[in-house]
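**Student:** I need the structure of the sequence given here:
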Amino acid sequence: MTRVTRSHQQRAAELRRQLEEHNHRYYVLDAPSIPDAEYDRLFRELQALEAQHPELASADSPTQRVGGVALAAFAPVRHRLPMQSLNNCFSAEELDEFDRRVREGLGIEEAEYVAEPKLDGLAVSLVYERGCFVQGATRGDGETGEDITANLRTIRQIPLAFRESGNSVPELFEVRGEVYLPHKGFEKMNAEAAARGEKVFVNPRNAAAGSLRQLDPKMTASRPLAFYAYQHGFHRGWTPPRTHADVLAQLRAWGLPVSTLIETVRGAAGCLDYYRRMQARRAKLPFDIDGVVYKLNDLAGREELGSVSRAPRWAVAHKFPAEEAVTVLENIEFQVSRTGALNPVARLKPVFVGGANVSNATLHNMDEVARKDVRIGDTVVVRRAGDVIPEIKEVLPDRRPPHARHVQVPAHCPVCGARVEREADDVNPRCTNGMSCPAQLLGALLHFVQRRAMDIDGLGEKLLAQLIEQGLVRTPADIYKLGVEQLAGLERMGEKSAANVVAGIEKSKDTRLERFLYALGVPSVGEATARDLARHFGTLEELIGAAARDAAGEGDDSIKAKDRYAELRKVPDVGPVVAAHICHFFTEPQNLEAIQALRDAGIRWPAPKAAAGGALSGKTFVITGTLPGLGRDEASALIESHGGKVSGSVSSKTDYLLAGEAAGSKLAKAEKLGVAVIDLAGLREMLGGSG
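**Tutor:** Residues are numbered from 1 along each chain as shown. Presented below is the predicted three-dimensional model:
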């Protein structure tokens, strides 16, 4: 092995520069400047140089794209900022409603949007440190994804280092985008698989997802995957421009591929025009799209609008009409939900629709079955609603066979055999057995233990089904009676696994009121409403008391409909229907007994401090950026527990901006308005070192 000289270093650097330039021209610009043979010659020269002098190897070298050592598993990656999903719209009317909410939220006459094709691929996050690609992850559940850095390195459209630009390179920068499989690559992959006698992929999206999740990066490298960037995420050492369009221009300057189909449009009319043009071009595009996405162009406006639940208020996905196919409905069965509703499910003669083989489809409810006059044996049109959920669009009555049968609602629950009843105003019949029905109990328990509720690790569907079958769990409170010995005796459970589950159960006892309310499964109460209820009432006792007082006025004919449930309707976004569900749930004796059993089992949450005497009493806070070791919900709860109020947008009424990393436009607005800016250490100092 010869000594590394300066000329070796310079030649390696020059080869890397040339190869990345040719990669960019070939894969991103689609404008190659040299023949493949010349590219291969340069590549082999760099390989040989790095092999001869391993110290010359670099993480951003093009030779690193061929794949490394196979992995045993994917490590979890917690996203610094959640990778949110998008709300959908399916019509011009729903688009108008989205645009109206944006304009009213910002107090403007017309909004400007960036419109882009919605690629049917896999969302990923790329993290660059001082311009060098250091980590890539899947979206996962939005909070935590899987580390697929080695696999993403093999995709030649993803630069391993930012190209030189006039702007300074950020200390840390996250790029978000979509990995997809172009049609030509998909067809080639399947042809090669078929020739080898292997199973072919159903559609490009499944092929892309499967390729990215290969434990051997060499396998991923052999797949013709592609990538488009569409958003920035977490960043440090970078000042965002004013608009999203400018962000995309910066991404292009750094060498990231950004779709040339993206346009800036004005108002709902501009969005709809873009939608129609993309729909007309859909069949001729070299990749699959299932709709378009509209994003508010103004980044400061995005901060002001914020998010609801897990979706931003400033963006929406406008889905294309579902793809359709014709098949035969062979039977209708009923599935029992956690609320006891018997939901009709169509069993179909398998048919390929919307890029997937479909053998089951939803019929929603019995009113829908009657409206469409669906009968067993009918020939039906099946569509994938939003290109996701298969449903029966319509029956073809002229093809109805003589033996077609009407759908009969079962008199007894198909799971537990209990009596089935249907209230006059209910769209579905219901099992009357409550949580004594295994299906309802399983659904309720799965909801109770999920991560965003009580967050009990290790209690999955199969284990819970075993516990129900063995009679070990009949209510959520029974979970807290389980011991290692009981669990270790179950199928596929050893002592170590059992001990981990018990530890997870014990850990879940320390929770927050909003999580507990969501875990209870109150009809119509999702995460956002549970959080609003907890913040408004402060304690469970106050909420139950309000429900009791509202229930006392239910039978008073002198109370007008708009005034019913007066206390519950003081909570933001709680209307009469949701208030009725909350009221009824918290006045049912069996529900109150179940709540008490859970409290007796040791479930607890911090008691709120009185607002009047709290250290932050009367102060309004806005939170922005990423706080070290503390999520937004936890920070909000901390402030409110000391008497403070948390708002979503900065205004002249804001007292403090609690700013973490990547604070963004809220920080600029706070400084402009003269609002005091503090970090987490400053907040804790205001609380006297507590929190």
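
**Student:** Quick one: neighbours of Ala404, just the number.
**Tutor:** 17 (other C-beta atoms under 10 Å). The C-beta positions use only the backbone N, C-alpha and C, and glycine is treated the same way.

**Student:** tell me the contacts of it?
**Tutor:** Contact analysis of Ala404 by C-beta atoms under 8 Å, 6 or more residues apart in numbering lists 375-378.

**Student:** mind running it again at 10 Å?
**Tutor:** Neighbour list for Ala404: 329, 373-379, 395, 397 [criterion: C-beta atoms under 10 Å, 6 or more residues apart in numbering].

**Student:** same question, Pro76
**Tutor:** Pro76 makes contact with 137, 140, 143-147, according to C-beta under 10 Å, 6+ apart.

**Student:** which one of the residues you listed sits closest to Pro82?
**Tutor:** Glu143 (5.6 Å; C-beta to C-beta).

**Student:** How about the contacts made by the nearest residue to the closest one once chain neighbours are set aside?
**Tutor:** Of all residues not flanking Glu143 in the chain, Pro82 sits nearest, at 5.6 Å (C-beta to C-beta, 6 or more residues apart in numbering). By C-beta under 10 Å, 6+ apart, the residues touching Pro82 are 139, 141-144, 233, 307, 310, 631-632.

**Student:** coming back round to it: got a PyMOL select line for the buried ones in the contacts of Ala404?
**Tutor:** To isolate the buried members of those in PyMOL, using 16 or more other C-beta atoms under 10 Å:
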select buried, resi 329+374+375+376+378+379+395
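
**Student:** Check the contacts of Ala404 and tell me the two furthest apart.
**Tutor:** The span of the contacts of Ala404, defined through C-beta to C-beta, is set by Ile376 and Pro397 at 14.3 Å.

**Student:** which residues of the stretch 151-300 of the chain fall in strands?
**Tutor:** 172-180, 226-236, 263-266, 289-296 (DSSP state E, counting those that start in this stretch).

**Student:** mind checking which of these is nearest Asn206?
**Tutor:** The closest of the strands of the stretch 151-300 of the chain to Asn206 is strand 172-180. By C-beta to C-beta, the value is 11.5 Å.

**Student:** Which residues are in contact with Asp99?
**Tutor:** 89, 110-111, 113, 267-272, 294, 296, 316.

**Student:** pLDDT, neighbour count and distance to Gln335 added to those, as CSV?
**Tutor:** As requested, those are exported to CSV (pLDDT from 0 to 100; neighbours: other C-beta atoms under 10 Å; distance: C-beta to C-beta, whole Å):
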residue, pLDDT, neighbour count, distance to Gln335
Cys89, 91, 21, 28
Glu110, 96, 11, 46
Ala111, 97, 24, 42
Tyr113, 98, 28, 40
Gly267, 96, 17, 43
Ala268, 96, 22, 38
Ala269, 96, 14, 42
Gly270, 97, 19, 43
Cys271, 97, 25, 37
Leu272, 97, 19, 37
Tyr294, 98, 28, 35
Leu296, 97, 25, 39
Val316, 96, 27, 30
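
**Student:** And these, which is closest to Phe334?
**Tutor:** Closest approach between the contacts of Asp99 and Phe334, by C-beta to C-beta: Cys89, at 31.1 Å.

**Student:** Show the subsequent helix or strand relative to the helix or strand bottoming out on mean pLDDT in the chain.
**Tutor:** When each helix and strand of the chain is scored by mean pLDDT, DSSP states H and E, helix 36-52 comes last, with a mean of 74. Going down the chain from helix 36-52, the next helix or strand is strand 76-78, by DSSP states H and E.

**Student:** all helices of the stretch 451-600 of the chain, in order?
**Tutor:** With DSSP state H, counting those that start in this stretch as the criterion, the stretch 451-600 of the chain has helices at 461-469, 484-488, 495-508, 513-519, 527-537, 540-552, 576-585, 589-600.

**Student:** Lowest average pLDDT across those helices?
**Tutor:** Note on the helices of the stretch 451-600 of the chain: lowest mean pLDDT is at helix 527-537, with a mean of 87.
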